[in-house]
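[1] here's a sequence, model it:
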Amino acid sequence: MNNTPAHLWALAVPGILTTVNRNNHALLGGGAPSPATAPSRAHVLSRDWNVRNRAELLNVLDWVAREGHRKEFNDVCALDLAMSGKLGPPG
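    Okay, the predicted model is just below:
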């Protein structure tokens, strides 16, 4: 088993979902890849991420690596910080 911080983080991020689905916390994705699990995983990728082929998967992975959903949150936080310094006290 690989116990690097990155591996442990990858296992921990989906921890609640892994528990809800009664999957194995020691395996990335909750279980070993197999022909039996492939259709279910392909369905989730298609439904949740609009991924239907390898090229679309690589595009989504690139987007997640570059910015992901977090970018909009970070932009709002940066704007809030910038504006809070320009506003006076309430009242």
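
[2] return the helix or strand in the protein with minimum mean pLDDT.
    The helix or strand of the chain with the lowest confidence, counting by mean pLDDT, DSSP states H and E, is helix 70-84 at a mean of 82.

[3] that one packs against which elements?
    Applying 3 or more Cβ pairs under 8 Å, 6 or more residues apart in numbering; DSSP states H and E, we find helix 70-84 packed against no helix or strand. Where you see a C-beta, it was placed from the backbone N, CA and C, and this is true even at glycine.

[4] now it: buried residues?
    By neighbour count with 16 or more other Cβ atoms under 10 Å, helix 70-84 contains no buried residues.

[5] from now on call the first residue 798
    Okay, using 798 as the starting number, the last item reads as helix 867-881.

[6] got the CA coordinates for the strand or helix carrying residue 860 in PDB?
    Assigned by DSSP states H and E, residue 860 belongs to helix 851-863. Taking Å, rounded to 0.1, in the frame of the first residue of the first chain, the C-alpha atoms of helix 851-863 are listed here in PDB:
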ATOM      1  CA  ARG A 851     -11.000   9.500 -23.400                       C
ATOM      2  CA  ALA A 852     -10.500  12.900 -25.000                       C
ATOM      3  CA  GLU A 853     -13.400  14.400 -22.900                       C
ATOM      4  CA  LEU A 854     -11.900  12.700 -19.800                       C
ATOM      5  CA  LEU A 855      -8.500  14.300 -20.500                       C
ATOM      6  CA  ASN A 856     -10.100  17.700 -21.000                       C
ATOM      7  CA  VAL A 857     -12.000  17.500 -17.700                       C
ATOM      8  CA  LEU A 858      -8.900  16.300 -15.800                       C
ATOM      9  CA  ASP A 859      -6.900  19.200 -17.300                       C
ATOM     10  CA  TRP A 860      -9.600  21.700 -16.200                       C
ATOM     11  CA  VAL A 861      -9.700  20.200 -12.700                       C
ATOM     12  CA  ALA A 862      -5.900  20.400 -12.500                       C
ATOM     13  CA  ARG A 863      -5.800  24.000 -13.700                       C
END
